[in-house]
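>>> Have a look; sequence and predicted model below, questions after that.
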Amino acid sequence: MINSASAASSPTSTPTNPNNLSSFVPCPHTFVATRVKQNHICDSSYSDNSQRRIVPRVCRLRTNDNSMAIYALVDPMDTNMIASDVCINMLVEQLSKVSFEDESYKKKISDNMQQIFYETENRLLQMTFDHAEEKATLTHSNDITAEKCLPSLGEAQSGAFLFAATVTQSYVYIAYVGTIRAFLISNNNGELRIGDNRPQYYHAGSLHTIDNEDESLRLRNLNVNLEQVRNEGLDNNHSKFTRCIGKLSEKLLSSAASANDVNEARCNALICEPRFDKFKLFPQDFAFVMMTDKLYKMYLKTGISEQDIPTDFIGLLNESISTSNPAQRILDKIEDRFQKTNDGINEDIALQDMGLLIHFFQHPKNINQPPQFVITPNTVRRTVDGEVTVDEVKNFITKQNDIQQKRERNRNSSRSDKHKRENQTHSSTIEPFVRFDVYEKLLNDNDELRQANKFITDLLYTQSTSAMDEELTEFLKKNPSLKCD
């Protein structure tokens, strides 16, 4: 089903060269702080460690010539780090391909920033199928149903919220899904402010939750029972978020767990489509802040109202700006306030994983900053818990390229053995928000759309990812009425 320009025009799967990352270094003008939550032992085929600590993933990498920087915060949604690890690594991997040889880099950044969300989810889908196929092979059983398989696969259970900012000399490109907050701080004649005259991403209207009016409208247009969602949420944990990366066990039909079966993905109200924004850097732009939802909620529990957080945060920043790590100092202060205010009440929140990233913009030297706002560069080489490194991304790329080559060999072997796909039926009960019969009727009433659906289904079973992208692009050229929106 064709439902998104980003999904339809995803980047080619040509293997990434790890050497693209040779020009990236940690940004000395960015400070990060994280809190770790110890996790129980989990079954994960992605990680080499069965026991993982839950911690937000953060990125503060920039090129040596300062032409581009990647800042990101990834908030794990559960007791599983798979989606978060894939998110942060694929973000750096994809953006490392951008070349600044001509003005086309602007479009490439915009496209990659949006496509990375779909690409990450596709990668998680591939990993889920690989793991399911491996499990079926090891058990030698034909009785592995989706209901039994999906809950046991970490790749299908895992989910994450991602907020990413790519900064060039003139612009900031933003893309995100979920509930991570972000502030843009301005320096107005020596007074720091978080003002609504500049882009801000911490109000309810910016978050992907049921409380966002735009999200409520989107769900209503999908015939979603909003009252049911408010009471029960959109997943098994009764969560109120409406967009995320991963959580495939919630997004797929129960019959979609077996390998080579991507045709049963449903039109779920829980999606990964990001909000994208782009704004020009102004001389008064001073800093950009990202904060995970758990830290923001702890902040509120210190007795600060939401409308007072901008003013209070500026006060914390002024007190911490001359320290070696302002982000760490601010997180510590919020945590200390919480402990004093609550005096042992709701102690569990202090044990949650949390993250904070602060990037200070570096403007041309002819723009003078007051002495109290001059930032001491972050020269600490030790990375904080959850911070992605160039070496990690290189290892990730090498590992994923090897896996893709193995997958291609297995696919070719299946073709030579005359592997045939199973006939799919829609007899399973479909829960509960979007009715699949509406989709079936849409296909039956539109011959051209029905042919497109059949064509894409055939591609999924007969082509590699790169060949599929080429075939689909050619198909859309021949059928211009199938507009992707």
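Thanks, I have it.

>>> From the rest of the structure, what touches stretch 179-196?
If you take C-beta atoms under 8 Å, 6 or more residues apart in numbering as the criterion, stretch 179-196 is touched by 73, 75, 161-163, 165, 174, 176, 198-202, 206-209, 241, 282, 284-293, 296, 310-311, 313-314, 317-318, 369-370, 373. For glycine as for every other residue, the C-beta is placed from the backbone atoms N, C-alpha and C.

>>> and with 6 Å instead?
73, 75, 161, 163, 198-199, 201-202, 207, 241, 284-293, 296, 310, 314, 370 (C-beta atoms under 6 Å, 6 or more residues apart in numbering).

>>> What subset of these is buried?
Applying 16 or more other C-beta atoms under 10 Å to the contacts of stretch 179-196, the neighbour count classes 73, 75, 161, 163, 199, 201-202, 207, 241, 284-293, 296, 310, 314 as buried.

>>> Just the ones of the residues you listed in helices?
Judged by DSSP state H, helices contain the following of the buried ones among the contacts of stretch 179-196: Asp293, Tyr296, Pro310, Ile314.

>>> what's the closest of these to Leu472?
Using C-beta to C-beta, Asp293 comes nearest to Leu472 of those, at 36.1 Å.

>>> Pretty sure Ser249 sits against Gln157.
Yes. Assessed by C-beta atoms under 6 Å, Ser249 is found in contact with Gln157 at 5.3 Å.

>>> joint contacts of those two?
Common neighbours of Ser249 and Gln157 (C-beta under 6 Å, 6+ apart) do not exist.

>>> quick revisit: just the ones of the contacts of stretch 179-196 in strands?
Counting by DSSP state E, those place Leu73, Asp75, Phe161, Phe163, Asp285, Phe286, Ala287, Phe288, Val289, Met290, Met291 in strands.

>>> Show me which residues of the lengthiest helix in the chain are buried.
Ordering each helix of the chain by length in residues (DSSP H) puts helix 105-139 first. Neighbour counts using 16+ other C-beta under 10 Å place 106, 108-132, 135-136 of helix 105-139 among the buried residues.

>>> ok, now stretch 384-404?
384-388, 390, 392-394, 396-397, 400, 404.

>>> Off-centre distance for stretch 94-102?
Remark: stretch 94-102 is offset 20 Å from the chain centroid, using C-alpha atoms, centre = their mean, to the nearest Å.

>>> same deal with stretch 475-485?
28 Å.

>>> let's number from 16 now, not from 1
Done: numbering now begins at 16, and the last item shifts to stretch 490-500.

>>> Counting neighbours, what do you get for Arg397?
Arg397: 5 surrounding residues under other C-beta atoms under 10 Å.

>>> Could you do Gly220 as well?
12.

>>> Which residue is the nearest non-sequential neighbour of it?
In space, and not counting its chain neighbours, Gly220 is closest to Asn227: 5.8 Å by C-beta to C-beta, 6 or more residues apart in numbering.

>>> Tell me which other helices or strands the longest helix of the chain touches.
Under the contact definition 3 or more C-beta pairs under 6 Å, 6 or more residues apart in numbering; DSSP states H and E, helix 120-154 sits against helix 20-23, helix 97-110, helix 169-172, strand 186-192, strand 260-261.

>>> now the angle from it to helix 97-110?
140 degrees (axes from the mean of the first three to the mean of the last three C-alpha atoms, to 10 degrees).

>>> Not counting residues beside it along the chain, what's closest to Thr413?
Setting aside the residues directly before and after it, Thr413 is nearest to Pro33 in space (C-beta to C-beta, 6+ apart), at 6.2 Å.

>>> Which pLDDT value belongs to the one you found?
pLDDT recorded at Pro33 is 70.

>>> Same question for Arg424.
Reading off the model, Arg424 has pLDDT 78.

>>> Tell me if it really is in a helix.
Yes. The assignment for Arg424 by DSSP: H, G, I helix; E, B strand; the rest coil puts it in a helix.

>>> burial count for it?
So Arg424, with other C-beta under 10 Å, has 10 neighbours.

>>> Quick check: it vs Ile418, distance?
11 Å (C-beta to C-beta, to the nearest Å).

>>> What is the neighbour count of the residue nearest to Gly220?
20.

>>> quick check: domain ranges of this structure?
38-449, 461-491 (automatic domain parsing).

>>> Let's test this: mean pLDDT of the shortest one, rounded?
Mean per-residue pLDDT for domain 461-491: 68.

>>> Can you give me the end-to-end span of it?
End-to-end span of domain 461-491 (C-alpha to C-alpha, to the nearest Å): 16 Å.

>>> Would you map the helices across the stretch 266-415 of the chain?
Applying DSSP state H, counting those that start in this stretch to the stretch 266-415 of the chain gives helices spanning 308-315, 324-335, 341-357, 405-431.

>>> Using JSON lines, lay out the domains of the chain together with distance to Leu497.
Converted to JSON lines, those look like this (distance: least, C-beta to C-beta, whole Å):
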{"stretch": "domain 38-449", "distance to Leu497": "17"}
{"stretch": "domain 461-491", "distance to Leu497": "6"}
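
>>> which ones are touching the nearest residue to Ile286 once chain neighbours are set aside?
Nearest residue to Ile286 in three dimensions, chain neighbours excluded: Arg258, at 5.6 Å (C-beta to C-beta, 6+ apart). Residues in contact with Arg258 (C-beta under 6 Å, 6+ apart) are Val192, His223, Ile286.

>>> cool, Thr338 as well?
Arg344.

>>> Tell me how far it lies from Lys312.
Distance, Thr338 to Lys312, using C-beta to C-beta: 25 Å.

>>> how about low-confidence regions in the stretch 16-165 of the chain?
Scanning the stretch 16-165 of the chain for pLDDT under 70 picks out 16-32, 53-67, 154-165.

>>> ok, 80 please
16-35, 52-67, 94, 148-165 (pLDDT under 80).

>>> Please determine how far Ile69 is located from Ile260.
16 Å.

>>> With neighbour numbers in mind, choose between those two.
Between Ile69 and Ile260, counting by other C-beta under 10 Å, Ile260 is the more crowded of the two (29 against 21).
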